[in-house]
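# Provided below are the primary sequence and the corresponding predicted coordinates.
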Amino acid sequence: MKFIDEYRSPELVSVLLKKIRKTAAALNRPVKIMEVCGSHTTAISRFGIRRLLPENIQLVSGPGCPVCVTSIKDIDEALYLAARPELIFTGYGDLLRVPGSHGNSLEKIRAAGAQIKTVHSALEALALARSCSDRPVVFMGIGFETTAPTVAAALLRAEKEKLENFFVYSCHKLMPPVMRLLLDEKALKIDGFLCPGHVSTIIGSQPYNFITETDRAAVITGFEPVDILEGIALILEELDSGVSGIKIQYKRAVNPAGNRKAQAVMNEVFVPATVDWRGLGAISQSGLALRAGFAFFDARKHFSIPEISSTTNSNCSCGEVLQGRIEPSECRLFGKACTPASPFGPCMVSSEGSCAAYFRYSRTIF
Amino acid sequence: MCISFPGRIIAFKEENCLAVIEVGGTEREVSLDLLGESVALDDYLLCHAGFAIHKIDPEEARKSLALLQEIIDNEIY
Ligand code: SF4
């Protein structure tokens, strides 16, 4: 396929690896690079990129999987809403098997009779609301800046059509605030970020300026092997010769200014809010809530959700995995009590979760 | 769920609010509501969750691949 196959060329991969080896040798110190996008985590595992890199270059996975970073309280509230007999609950398929505090999951309560439908887009949920006008349809919105504008656009349509039975339960999150938090984390010592390609398609490069201001490298990178290796090569080059601003490797899909129309749609509907992240706690201005003008569509406001006492399973190390403190294989349940077939935590549920990616692709070498 | 993919425009629908794109032999419909620029048949769009979010810039793609090819041709590494 065009714009994919060219970026899997073995010849380009091999020349980039040579370049990486040369700069890594010149740097002659351990370098830690974090990727904060679930699609990067999956691609890096799938193409076995970690194994190809020189010993002093370490790739660590950060909080880039939207399902994984959704707090247990949000999952519990979603379970409460989804179980209400009068409504139809919709969301992405990856959410179905995430365990809540009390052993339930959307999949389990659906088997017990709850009306839960998986969709690929907020527009599908909107179409459902149009066709079932006598029942409330709730869409659980998760995802970062790439996804939030799609939900905002669906809400603008709902407003235009004066739909009265479409509601959004927003768990959307923003990337730069959590990256800032991880960068400031002394123990983590991140030297550079592979910045998320498709989040950057929307927000552009400017929101990452704080990274290079602290002399750490930041390269907006695509998702094919050539993209990822070129992103790593650029990070090493920056560290070797002195960091000079955000670099865009993924130029075919990212403009420095981002997609202004999508930004405007997102800002019209959503406002930044302090929200809870799994394993990271509350982070200031790191999520998106519906603006007052869209309160009518806000599932949190429309349905009274009781206080639920949420508890995460203390045996699951997702919190540490999401912060890049440990690798999935360092969790004692990894591959034993916790597998994609019977997941313990969200990082093993979602196809973009670090634990699932490591399990699926790295086990084959053992 | 976060997957975004490139697809080629093969038709327009609903007064150009929707594009039909071809992705690896299958057809899908994507909304153009989030796209600020005008698009034409055969353009490639980056698509995410039912929406086109970017018109892929073939010139940028060509330039960056050409740069990498140059390294190979000149045997720099
Ligand atoms: S392996 Fe399972 S239990 Fe361990 S951190 Fe990952 S999801 Fe949690």
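It's in.

# closest point of chain B to chain A, which residue?
For chain B and chain A, the shortest gap (Cβ to the nearest Cβ) falls at B:Gly50, measuring 2.9 Å. Any C-beta I mention is one placed from the backbone N, CA and C, and that applies to glycine too.

# distance of that residue relative to B:Asp33?
Distance of B:Gly50 to B:Asp33, given as Cβ to Cβ, to the nearest Å: 10 Å.

# which residue does chain A bring closest to chain B?
Residue nearest to chain B within chain A: A:Ser121 (2.9 Å; Cβ to the nearest Cβ).

# confidence score at A:Glu352?
You'll see A:Glu352 listed with a pLDDT of 85.

# got it, and the one 4 residues further on?
A:Ala356 is assigned a predicted lDDT (pLDDT) of 93.

# I'd guessed it sits against A:Phe344; true?
No: using Cβ atoms under 8 Å, A:Ala356 is not in contact with A:Phe344; the gap is 11.6 Å.

# at which residues are the strands of the stretch 1-150 of chain A located?
A:31-35, A:57-61, A:88-91, A:116-118, A:137-141 (DSSP state E, counting those that start in this stretch).

# residue ranges with poor pLDDT in chain B?
B:1-2, B:75-77 (pLDDT under 70).

# all helices of it, in order?
With DSSP state H as the criterion, chain B has helices at B:58-73.

# show me the contacts for A:Pro328.
A:321, A:334, A:347, A:354-355, A:358-359 (Cβ atoms under 8 Å, 6 or more residues apart in numbering or on different chains).

# can I get the buried part of those residues as one ChimeraX selection?
Buried residues among the contacts of A:Pro328 (16 or more other Cβ atoms under 10 Å in any protein chain shown), as a ChimeraX selection:
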select /A:321,334,347,354,355,358,359
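
# now the lengthiest strand in chain A and strand A:137-141, what's the angle there?
Taking DSSP state E as the criterion, chain A has its longest strand at strand A:281-290. Using axes from the mean of the first three to the mean of the last three Cα atoms, to 10 degrees, the inter-axis angle of strand A:281-290 relative to strand A:137-141 is 130 degrees.

# can you give me the buried ones in strand A:281-290?
A:283, A:286-290.

# and that strand, does that touch chain B?
No: Strand A:281-290 is not in contact with chain B by Cβ under 8 Å from any Cβ of the partner chain; minimum separation 15.0 Å.

# who are the packing partners of that strand?
Other elements packing on strand A:281-290 under the criterion 3 or more Cβ pairs under 8 Å, 6 or more residues apart in numbering or on different chains; DSSP states H and E are strand A:166-170, helix A:175-184, strand A:270-277.

# hmm, back to that, thought the residue of chain A closest to chain B was touching B:Ala49?
Yes: assessed by Cβ under 8 Å, A:Ser121 is found in contact with B:Ala49 at 4.6 Å.

# can I assume A:Gly324 sits in a strand?
No: assessed with DSSP: H, G, I helix; E, B strand; the rest coil, A:Gly324 is coil; it does not lie in a strand.

# excluding sequence neighbours, find me the nearest residue to B:Arg6.
Careful, residue B:6 is Pro and not Arg. Nearest non-adjacent residue to B:Pro6, counting by Cβ to Cβ, 6 or more residues apart in numbering or on different chains: A:Phe3, 4.4 Å away.

# what's the answer for A:Glu330, then?
Spatial nearest neighbour of A:Glu330, excluding adjacent residues (Cβ to Cβ, 6+ apart): A:Ser317 at 7.5 Å.

# hang on, isn't that neighbour packed against A:Ile326?
Yes: shown here, A:Ser317 and A:Ile326 form a contact pair, counting by Cβ under 8 Å, at 6.2 Å.
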